[in-house]
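> Take a look and give me a structure for this.
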Amino acid sequence: MTQISSNTWDKLSQIIDENHVILLSTHINADGDGLGSEIAFYYHLKELRKECRIINATGLPYNYTKLDSEKVVEEYDQECDNWLDSVDLTIVFDIGDHRRTGPIGEKVYSTSTVVCIDHHPPKKENPYTLNIVDLNAPATGYLIWKYFQHIGKTERKLDIKVANGLYASLVTDTGSFKYQ
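Residues are numbered from 1 along each chain as shown. Model prediction:
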């Protein structure tokens, strides 16, 4: 398994601490791994009192509406542009190819710090300031869990919205735990 060091997780925490307006996104036609990861991370950032939004290039698939009970996942349209102009930090999940964020990436990659958390190999030329990748992880949500462990968040009961996001991530990317 690719080892992600404690220093990597510390760097992620430092970047989050230094930024205030945070965009979370995933790939076009989001799946349970991307959505679950960004939803779990959204509620974590809200606990830190960060200004945060989830904006994806395409709408929430119907089969994931229960995962987003508070309707925090937004579909990109031009009305988002003013807020996107104020973003300090962009975190993308389960993305592989940075271009799969569509028009969102075009807006923020050159104007904000960009972090990628993923279990897919990244394209060589990418806009990431920090690229956290474990090719052997079963899902991106697993990496979110590992980060939460690192910062001590798993020492207490997780908020149900965070837990549901992580569970959806793992269930969808492991075929309901049928494969690794």
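> mind listing the helices for the chain?
Applying DSSP state H to the chain gives helices spanning 6-18, 32-47, 81-84, 103-108, 140-150, 160-173.
> Okay, angle between the second one and helix 6-18 too, please.
If you take axes from the mean of the first three to the mean of the last three C-alpha atoms, to 10 degrees, helix 32-47 sits at 60 degrees to helix 6-18.
> Using neighbour counts, pick out the buried residues of helix 32-47.
By neighbour count with 16 or more other C-beta atoms under 10 Å, helix 32-47 contains the buried residues 32-45. In this view, the C-beta of every residue, glycine as well, is placed from N, C-alpha and C.
> hang on, the earlier thing: possible to save the helices of the chain as a markdown table with mean pLDDT?
Putting the helices of the chain into a markdown table (pLDDT from 0 to 100) gives the following:
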| stretch | mean pLDDT |
| --- | --- |
| helix 6-18 | 97 |
| helix 32-47 | 97 |
| helix 81-84 | 96 |
| helix 103-108 | 92 |
| helix 140-150 | 96 |
| helix 160-173 | 91 |
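> out of these, nearest to Val72?
Evaluated over these, closeness to Val72 peaks at helix 32-47, with 5.8 Å, by C-beta to C-beta.
> chain center to the closest one, what's the gap?
In this view, helix 32-47 has its centroid 6 Å away from the chain centroid, taken as C-alpha atoms, centre = their mean, to the nearest Å.
> can you check stretch 88-108 too?
10 Å.
> Ok, stretch 6-13 next?
Centroid separation for stretch 6-13 versus its chain: 16 Å, with C-alpha atoms, centre = their mean.
> Likewise for stretch 131-148?
Centroid separation for stretch 131-148 versus its chain: 10 Å, with C-alpha atoms, centre = their mean.
> Stretch 69-79 now?
How far stretch 69-79 lies from its chain's middle: 15 Å, per C-alpha atoms, centre = their mean.
> For that stretch, which outside residues touch it?
With C-beta atoms under 8 Å, 6 or more residues apart in numbering as the test, stretch 69-79 has contacts from 35, 38-39, 42, 53-60, 80, 102-104, 161.
> on that earlier part again, single out the most deeply packed of the helices of the chain.
Mean neighbour count (mean count of other C-beta atoms under 10 Å) peaks for helix 32-47 among the helices of the chain, with a mean of 25.
> Restrict it to CA atoms and write it as PDB.
Provided in PDB are the C-alpha atoms of helix 32-47 (Å, rounded to 0.1, in the frame of the first residue of the first chain):
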ATOM      1  CA  GLY A  32     -20.800   7.500  -4.400                       C
ATOM      2  CA  ASP A  33     -17.100   7.800  -3.700                       C
ATOM      3  CA  GLY A  34     -16.700  11.400  -4.900                       C
ATOM      4  CA  LEU A  35     -20.000  12.500  -3.300                       C
ATOM      5  CA  GLY A  36     -19.500  10.600  -0.100                       C
ATOM      6  CA  SER A  37     -16.000  12.000   0.300                       C
ATOM      7  CA  GLU A  38     -16.900  15.600  -0.300                       C
ATOM      8  CA  ILE A  39     -20.000  15.400   1.900                       C
ATOM      9  CA  ALA A  40     -18.100  13.900   4.800                       C
ATOM     10  CA  PHE A  41     -15.400  16.500   4.400                       C
ATOM     11  CA  TYR A  42     -17.900  19.300   4.100                       C
ATOM     12  CA  TYR A  43     -19.300  18.600   7.500                       C
ATOM     13  CA  HIS A  44     -15.800  18.400   8.900                       C
ATOM     14  CA  LEU A  45     -15.000  21.800   7.600                       C
ATOM     15  CA  LYS A  46     -18.200  23.300   8.900                       C
ATOM     16  CA  GLU A  47     -17.200  22.100  12.400                       C
END
